[in-house]
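>>> Here you go, sequence then predicted model.
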Amino acid sequence: MAHTQQPSFGTIYDARPKTQWMEMPASVPGCPPGLEYLTQLDQVLIQQQVEIFEAMTDIETKNRYAIKNTLGQQCYFAKEESSLFQRLCCGTGRGFEIKVTNNAGQEVMRMRRKFKCCAGCCWCANSDTCAFYLEVESPTGTFIGGVRQSQSCWYPMYQVIDANERPVFNIDGPCCPCSGPCCTSDNDFLVTTSDGAVTQVGKITREYAGLMKEAFTDATNFAVTFPMDLDVRMKAVLMGATLLIDFMYYETDKNNDS
């Protein structure tokens with residue numbers, strides 16, 4: 001009779017799902033080191049990690065994001081660096097740096113938004129002083145593009161620029177980019193060309209996360225779609241645009257709620 005060994009009381013089980021990693025691609029000529037993953041992708045999923053301490057205390061912690069392909073395999077990890085003072089006192093308007101590492105733990109991108117006292121209002125975004133701007137570097141120290149908030153009457157709007165600060169894409173958001181248990185639909189931010197033809201080339205979708213998660217955390221999931229043959233630098237900048245949108249519209253400003 002076969003004997004089945006029973007676990008001892010001291011056995012510890014790790015119930016957390018194991019992370020599946022995307023296989024490291026070969027180097028690509030002309031591609032910034034670490035961005036080779038993006039040559040194989042036409043969509044990435046950006047999933048903010050739930051912070052238990054933040055959910056329990058309402059104290060804003062540093063954001064962290066897992067960046068995956070459509071098979072759920074992780075290719076990057078992004079972590080916010082910001083001061084505790086600005087997280088507590090400035091909320092969603094805080095300045096920050098986001099360091100993006102590959103599966104080997106090597107930093108391959110850095111995204112930066114400076115703190116601006118009066119920025120955020122779409123009506124006044126025609127002035128650099130009042131418009132949020134996110135810079136993307138890859139490798140760190142080499143500017144490859146940016147995302148600038150654009151002036152509008154209501155809709156969220158952005159302009160994506162390349163390393164020479166020339167407009168490449170426009171991003172137009174929904175009329176009401178709401179977040180919460182009462183808004184049970186996805187929000188689409190359309191990526192279009194800036195050459196006057198207004199041709200849609202991609203999309204940033206903020207996905208509805210479910211009733212419980214929407215009610216108790218500000219952790220968000222995004223899907224970013226772009227052409228497979230798009231320059232990897234612009235793919236990286238669109239990822240940066242996604243994080244800027246997250247900070248501006250889907251981070252609960254707990255310090256200013258009333």
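Good, I have the coordinates. Residues are numbered from 1 along each chain as shown.
>>> CA atoms for contacts and neighbours, from now on please.
Noted.
>>> Dead centre of the chain: give me the residue that sits there.
Geometric centre of the chain, nearest residue: Leu243, 2.9 Å, by C-alpha atoms, centre = their mean.
>>> Is that residue part of a helix or strand, or is it coil?
Following DSSP: H, G, I helix; E, B strand; the rest coil, we place Leu243 in the helix state.
>>> How about the contacts made by it?
Residues near Leu243 by C-alpha atoms under 8 Å, 6 or more residues apart in numbering: none.
>>> do you know how far it is from Pro33?
Noted for Leu243: a distance of 21 Å to Pro33, by C-alpha to C-alpha, to the nearest Å.
>>> now Gln86
Look at Gln86 and Pro33: by C-alpha to C-alpha, they are 32 Å apart.
>>> cool, Arg94 as well?
The gap separating Arg94 from Pro33 is 29 Å, by C-alpha to C-alpha.
>>> same check, this time on Gln49
Counting by C-alpha to C-alpha, the gap from Gln49 to Pro33 is 26 Å.
>>> Could you say which helix or strand holds Tyr158?
Assigned by DSSP states H and E, Tyr158 falls within strand 157-162.
>>> Which elements pack onto that strand?
Contacting strand 157-162 under the criterion 3 or more C-alpha pairs under 8 Å, 6 or more residues apart in numbering; DSSP states H and E are the following elements: strand 143-149, strand 167-172, helix 232-245.
>>> Which neighbours in the sheet does that strand have, and how are they oriented?
Strand 157-162 has the following strand partners under DSSP bridges: strand 143-149 (antiparallel), strand 167-172 (antiparallel).
>>> what angle separates the shortest one from helix 232-245?
Relative orientation of strand 167-172 and helix 232-245, computed by axes from the mean of the first three to the mean of the last three C-alpha atoms, to 10 degrees: 30 degrees.
>>> Helix or strand next in line after strand 167-172, which one?
Once the chain leaves strand 167-172, the next helix or strand it forms, by DSSP H and E, is strand 187-193.
>>> what's in contact with that following strand?
Residues from elsewhere that reach strand 187-193 (C-alpha under 8 Å, 6+ apart): 168-174, 177-178, 198-208.
>>> can you check stretch 118-125 too?
When contacts are defined by C-alpha under 8 Å, 6+ apart, stretch 118-125 is touched by residues 93, 129-132, 149-157, 248.
>>> where does the stretch 101-250 of the chain dip in pLDDT?
Along the stretch 101-250 of the chain, segments meeting pLDDT under 70 span 178-184, 209-219.
>>> can you do 80?
Applying pLDDT under 80 to the stretch 101-250 of the chain flags residues 118, 120, 122-123, 127, 175-185, 196, 208-219.
>>> Quick one: the strands in the chain, in order.
43-48, 64-68, 74-81, 96-102, 107-113, 133-137, 143-149, 157-162, 167-172, 187-193, 200-207, 221-225 (DSSP state E).
>>> TSV for these, including mean neighbour count?
Listed next are these as TSV, based on neighbours: other C-alpha atoms under 10 Å:
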stretch	mean neighbour count
strand 43-48	22
strand 64-68	22
strand 74-81	21
strand 96-102	21
strand 107-113	22
strand 133-137	24
strand 143-149	25
strand 157-162	23
strand 167-172	22
strand 187-193	21
strand 200-207	19
strand 221-225	21
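>>> Of all these, which one comes closest to Pro25?
strand 74-81 (10.4 Å; C-alpha to C-alpha).
>>> Packing partners of the closest one?
Here strand 74-81 touches strand 64-68, strand 96-102, going by 3+ C-alpha pairs under 8 Å, 6+ apart.
>>> what is the mean pLDDT for the shortest one?
The one in question is strand 64-68. Average pLDDT, strand 64-68: 96.
>>> packing partners for that strand?
Helices and strands touching strand 64-68, by 3+ C-alpha pairs under 8 Å, 6+ apart, are strand 43-48, strand 74-81.
>>> quick one: average pLDDT of the last one?
Which is strand 74-81. Average pLDDT, strand 74-81: 96.
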